[in-house]
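Engineer: Please work out how this folds:
(one chain, ligands or ions: 1)
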Amino acid sequence: MKQTRTLIPTMREVPSDADVASHQLLLRAGFLRQISSGVYSFLPLAVRVLRKIEAVIREELNAIEAVEVLLPALQQAEIWQESGRLDAYGPELFRLQDRHARQFVLGPTHEEVITTLVRDEVKSYKKLPLTLYQIQTKFRDEQRPRFGLLRGREFIMKDAYSFHDSKESLDAKYTEMQAAYTAIFTRLGLDFRVVLADGGAIGGTDTHEFMALSDIGEDTIAYSNLSTYAANIEMATVNVTYEKANEPLKDMEKVATPNQRSIEEVSTFLNSDTARCIKTLLFKIDGQLAVVLCRGDHEINAIKLKNAVGASSVELADSKDAVELFACAFGSVGPVKIPLGVQVYADHAIQSVVNGICGANEDGYHFINVNPERDFEVTRYEDLRYIQEGDPSPDGNGTIQFVKGIELGHIFKLGTTYSEAMDASFLDDNGKSQPYFMGCYGIGISRILAAIAEQFRDESGLKWPKQIAPFDIHIIAVNTKDDQQRELAEELYSLLKSYRYDVLYDDRSDRAGVKFADADLIGLPVRITIGKKAEDGIVEVKFRQTGESLEWQKEEVTEKLQAFFAMD
Ligand code: 9G3
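Structural biologist: So this is what the prediction gives:
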């Protein structure tokens with residue numbers, strides 16, 4: 001490709017609204033342009049990278065007998081009504097009407113569409129298992145689109161759905177898919193971790209996320225420093241045996257704590273420490289008010305609470321609920337003498353509190369020497385707190401560290417949740433109607449583009465791994481007015497194309513400095529510069545990943561390039 005014939009609008013200046021380095025570079029290197037918040041145009045260089053990423057994904061999915069389809073983005077609301085999700089999702093779901101005022105949504109995902117298709121076309125166990133996938137644009141009206149492609153409102157996803165006649169068949173496919181994802185992310189050159197995850201609104205039992213490590217990742221991964229344990233902090237289980245302090249129980253006392261609100265203030269005021277405090281939170285669990293306790297030095301994880309009590313909705317109560325129920329402000333609420341019928345859920349660590357401190361349900365007062373069971377009831381003890389750095393790893397091996405990650409893939413075992421909701425079933429070998437067991441598996445393709453740009457860059461620009469670079473080689477003639485330089489550049493350009501390399505030839509008449517700066521920004525793996533030494537048939541070769549520069553005779557270029565691209 002000649003640069004004068006394509007569209008690579010590089011920019012010197014750093015776009016002010018680009019909030020992460022990868023997004024700045026993708027804009028400056030002429031890969032992307034934003035047309036509205038969270039909506040982007042992919043320019044030629046970006047399309048070439050997307051196609052190479054998609055090729056790796058297709059290879060690995062086809063290898064596990066997944067079959068490609070292409071489903072509509074425009075989905076009639078009726079099937080979302082059937083699955084019960086039309087009202088479950090709020091403003092994030094793009095809704096529209098057709099000319100006859102019929103309701104549609106722009107697909108944020110495709111469980112409803114694919115289940116409807118398979119329900120109509122696959123009725124016998126003989127046709128199972130069946131895994132269908134697509135590479136398709138998704139629409140989600142994010143409240144705060146940010147970080148460029150990492151959180152957009154229109155993005156490209158590979159989504160796969162598998163249908164099975166048994167849990168065992170689903171388990172087998174899930175394992176295959178997990179291995180295929182590991183192969184994909186490894187081949188893409190990403191530094192990633194597979195982590196245990198929470199299924200979120202979509203439910204399902206096991207689910208794993210594939211996280212690219214990055215400081216700008218929105219997810220926090222809790223991993224062991226000594227084992228392969230890694231989990232999204234949302235669901236990382238806490239496996240700690242708490243020692244009860246062996247001090248004698250003292251009589252509970254009410255003490256004045258004027259204007260002391262937070263756990264830190266109260267523990268300091270009482271010359272104690274946060275681990276002796278009992279943090280009391282009010283939650284609405286399926287609309288019902290409940291008291292949730294954790295130690296003062298811990299935080300309640302609402303997702304764990306939701307999963308532990310099997311609720312469909314869990315949210316922090318607001319202060320007026322506190323006043324109504326406890327006649328005091330949030331900061332003074334405690335578990336002692338609470339209104340009858342209010343459930344009390346406590347994190348396991350509460351059992352280790354001896355002579356603790358808690359709110360007295362009276363503004364400006366706290367109880368001291370409070371002891372669980374003696375002074376207050378607990379309905380159930382559960383693992384409700386966020387894991388913390390330094391906690392023992394749940395697998396008993398090593399201690400927990402945190403790292404940030406960008407979620408690039410997420411796989412789920414849905415079981416029969418969807419097929420039952422949509423009455424999607426097959427006839428088993430006894431002729432009995434059974435709901436399919438289903439799995440669903442997503443990869444954020446446009447997100448991968450941004451994650452690779454985030455992981456592979458330096459101060460001068462992008463550094464594409466060679467397996468997915470938009471082009472393999474960048475050819476630059478230093479002075480296009482010099483016949484010898486231009487001729488050698490064009491000779492090499494056609495020679496390398498005949499060797500099936502993807503070649504970008506900078507045939508612009510700009511100054512050499514501009515071309516070099518652009519080449520560093522764009523970040524192709526190999527740059528061949530034809531300059532003064534053209535007369536001796538010598539070219540300069542620079543490798544973008546390492547910055548290494550060499551001089552090659554023009555006759556040895558193809559052989560040496562072959563060696564470079566053959567290395568893994
Ligand atoms: C919606 C909206 C946003 C959503 C969903 C539905 C996320 C939704 C979860 C999934 C699950 C899997 C198949 C590929 C892998 C992920 N955001 N999810 O279901 F209506 Cl507005 O998409 N789907």
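
Engineer: And the helix or strand containing Phe185, what's buried?
Structural biologist: Remark: Phe185 resides in helix 167-187, with elements defined by DSSP states H and E. Residues of helix 167-187 classed as buried by neighbour count (16 or more other C-beta atoms under 10 Å): 169-171, 173-174, 176-178, 180-185, 187. Bear in mind the C-beta positions are built from the backbone N, C-alpha and C, glycine included.

Engineer: Next: stretch 432-449.
Structural biologist: Quick answer for stretch 432-449 (16+ other C-beta under 10 Å): 434-449.

Engineer: can you check stretch 17-31 too?
Structural biologist: 18, 20-31.

Engineer: cool, and stretch 376-387?
Structural biologist: Counting neighbours by 16+ other C-beta under 10 Å, the buried set in stretch 376-387 is 376, 378, 381-387.

Engineer: Tell me which stretches of the stretch 451-568 of the chain form strands.
Structural biologist: For the stretch 451-568 of the chain, applying DSSP state E, counting those that start in this stretch gives strands covering 457-458, 461-462, 473-477, 503-506, 526-530, 538-543, 549-553.

Engineer: Let's have those in TSV, adding distance to Ile35, mean neighbour count and mean pLDDT.
Structural biologist: Below are the strands of the stretch 451-568 of the chain laid out as TSV (distance: least, C-beta to C-beta, whole Å; neighbours: other C-beta atoms under 10 Å; pLDDT from 0 to 100):
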stretch	distance to Ile35	mean neighbour count	mean pLDDT
strand 457-458	24	17	96
strand 461-462	22	23	97
strand 473-477	28	27	97
strand 503-506	25	24	98
strand 526-530	31	24	98
strand 538-543	34	18	97
strand 549-553	39	12	97
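
Engineer: mind putting those in TSV, distance to the ligand included?
Structural biologist: Shown next, in TSV, are those (distance: least, C-beta to the nearest ligand atom, whole Å):
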stretch	distance to the ligand
strand 457-458	28
strand 461-462	28
strand 473-477	36
strand 503-506	34
strand 526-530	36
strand 538-543	37
strand 549-553	44
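
Engineer: that older thread, out of the buried residues of stretch 376-387, which comes closest to the ligand?
Structural biologist: Tyr386 (22.4 Å; C-beta to the nearest ligand atom).

Engineer: pLDDT wise, what is that closest one at?
Structural biologist: Looking at Tyr386, its pLDDT stands at 97.

Engineer: what residues are up against Ser460?
Structural biologist: 517, 520-521 (C-beta atoms under 8 Å, 6 or more residues apart in numbering).

Engineer: and which of those is nearest to the ligand?
Structural biologist: Leu521 (33.4 Å).

Engineer: secondary structure class for the residue of the chain found nearest the ligand?
Structural biologist: Using C-beta to the nearest ligand atom, the closest approach of the chain to the ligand is made by Gly442 at 2.5 Å. Per DSSP: H, G, I helix; E, B strand; the rest coil, the secondary structure class of Gly442 is strand.

Engineer: Run a quick neighbour tally on the closest residue to Ser319 other than its chain neighbours.
Structural biologist: Nearest residue to Ser319 in three dimensions, chain neighbours excluded: Phe330, at 5.4 Å (C-beta to C-beta, 6 or more residues apart in numbering). Look at Phe330: counted by other C-beta atoms under 10 Å, it has 18 neighbours.

Engineer: quick one: contacts of the helix-or-strand element of the chain with minimal mean pLDDT?
Structural biologist: Ranked by mean pLDDT, DSSP states H and E, the weakest helix or strand in the chain is helix 319-326, scoring a mean of 81. Applying C-beta under 8 Å, 6+ apart, the contact partners of helix 319-326 are 282, 284, 289, 328-330, 332-333, 338-339, 342, 361.

Engineer: could those go into a markdown table alongside secondary structure, pLDDT and distance to the ligand?
Structural biologist: Formatted as a markdown table, those follow (DSSP: H, G, I helix; E, B strand; the rest coil; pLDDT from 0 to 100; distance: C-beta to the nearest ligand atom, whole Å):
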| residue | secondary structure | pLDDT | distance to the ligand |
| --- | --- | --- | --- |
| Leu282 | strand | 94 | 28 |
| Lys284 | strand | 93 | 23 |
| Leu289 | strand | 91 | 29 |
| Cys328 | coil | 86 | 39 |
| Ala329 | coil | 84 | 36 |
| Phe330 | helix | 81 | 31 |
| Ser332 | helix | 88 | 39 |
| Val333 | coil | 90 | 34 |
| Ile338 | coil | 88 | 37 |
| Pro339 | coil | 86 | 38 |
| Val342 | coil | 91 | 33 |
| Asn361 | coil | 93 | 40 |
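
Engineer: Top of these by number of neighbours, please.
Structural biologist: Neighbour-wise, the contacts of helix 319-326 (other C-beta under 10 Å) top out at Val333, 25 neighbours.

Engineer: For the residue most central in space within the chain, give the beta-bridge partners.
Structural biologist: The chain has Glu407 as the residue nearest its centroid, 1.7 Å off, counting by C-alpha atoms, centre = their mean. Taking DSSP bridges as the rule, Glu407 bridges to Met211.

Engineer: so it sits right up against Asp219, yeah?
Structural biologist: Yes: using C-beta atoms under 8 Å, Glu407 is in contact with Asp219, at 5.6 Å.

Engineer: Now do the shared contacts for these two.
Structural biologist: With C-beta under 8 Å, 6+ apart, Glu407 and Asp219 have common neighbours 209, 211.

Engineer: so which strand or helix has the residue nearest to Arg380 when sequence neighbours are not counted?
Structural biologist: Once flanking residues are discounted, Arg380 sits nearest to Tyr345: 5.6 Å by C-beta to C-beta, 6+ apart. Taking DSSP H and E as the criterion, Tyr345 maps to strand 343-347.

Engineer: For that strand, list the C-alpha coordinates in PDB.
Structural biologist: The C-alpha trace of strand 343-347 is given here as PDB (Å, rounded to 0.1, in the frame of the first residue of the first chain):
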ATOM      1  CA  GLN A 343     -32.600  -9.900  59.300                       C
ATOM      2  CA  VAL A 344     -29.000  -9.500  60.400                       C
ATOM      3  CA  TYR A 345     -26.300 -10.900  58.000                       C
ATOM      4  CA  ALA A 346     -22.800 -10.800  59.300                       C
ATOM      5  CA  ASP A 347     -19.400 -11.500  57.700                       C
END
